[in-house]
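Student: here is the input, now give the coordinates:
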Amino acid sequence: MLLIVFSACKKDRVSVDVVDLSRPQSDYIYSSIAQLGNAFFIAGGSRWSASSLLRLNANYQLTEISLDVNDQQKGLYGVDCLPDGHIAAVGYEGQLYVSDDSGKSWRIQRQIESKPYQDIAWLTTDSVLIVGGISFNKGLILKKFDMASTRNPGF
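Tutor: Next up is the predicted model:
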């Protein structure tokens, strides 16, 4: 994985820091990043065979987050954080993972049907907006309430 951090001190100059964050899973694709304090959460994996959620700290130390609740092992495409430590990640076939403690523990929210979730955004601490779709099917926009529940969200 390659991380590029941009910063600008003048309008006509941009410095770029490039840090190689090599991963043994070279076939993984990482597609979403969200910030929580000094940490970044990065969602990705392999569409059909693996979920991957990474945490990058301020010293560029990268750790894999164990999603022990993951029984589908499909790629993750979106992640979002709230300043109070709520984190949500979504992925292929309707995966929706939630943490209320800055990523220390995770739970899955089961869905009735498989949906191709692509990204997520917190609206409040108990509601999110999810977008998705695939190239040969309709897109979707979903609003989910009751994020504290592990029950079916009832989309």
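Student: every contact and neighbour count from this point should use C-alpha atoms.
Tutor: Noted.
Student: neighbours of the residue nearest to C81 when sequence neighbours are not counted, how many?
Tutor: Distances taken as CA to CA, 6 or more residues apart in numbering place I87 nearest to C81, at 4.4 Å, with adjacent residues excluded. Number of residues near I87 (other CA atoms under 10 Å) recorded here: 25.
Student: center of this structure - which residue?
Tutor: V79 (2.4 Å; CA atoms, centre = their mean).
Student: now do the phi/psi pair for that residue.
Tutor: phi -150, psi 140 (degrees, to the nearest 10).
Student: test my guess that it contacts L36.
Tutor: No. Counting by CA atoms under 8 Å, L36 is not a contact partner of V79; they are 11.0 Å apart.
Student: one step back: so what's the residue nearest to the centre of the chain up against?
Tutor: By CA atoms under 8 Å, 6 or more residues apart in numbering, the contact list for V79 reads 32-34, 41-43, 87-90, 119-121.
Student: just send those back as TSV, with secondary structure and pLDDT too.
Tutor: Below are the contacts of V79 laid out as TSV (DSSP: H, G, I helix; E, B strand; the rest coil; pLDDT from 0 to 100):
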residue	secondary structure	pLDDT
S32	strand	92
I33	strand	93
A34	strand	96
F41	strand	95
I42	strand	93
A43	strand	92
I87	strand	95
A88	strand	94
A89	strand	93
V90	strand	91
D119	strand	93
I120	strand	94
A121	strand	94
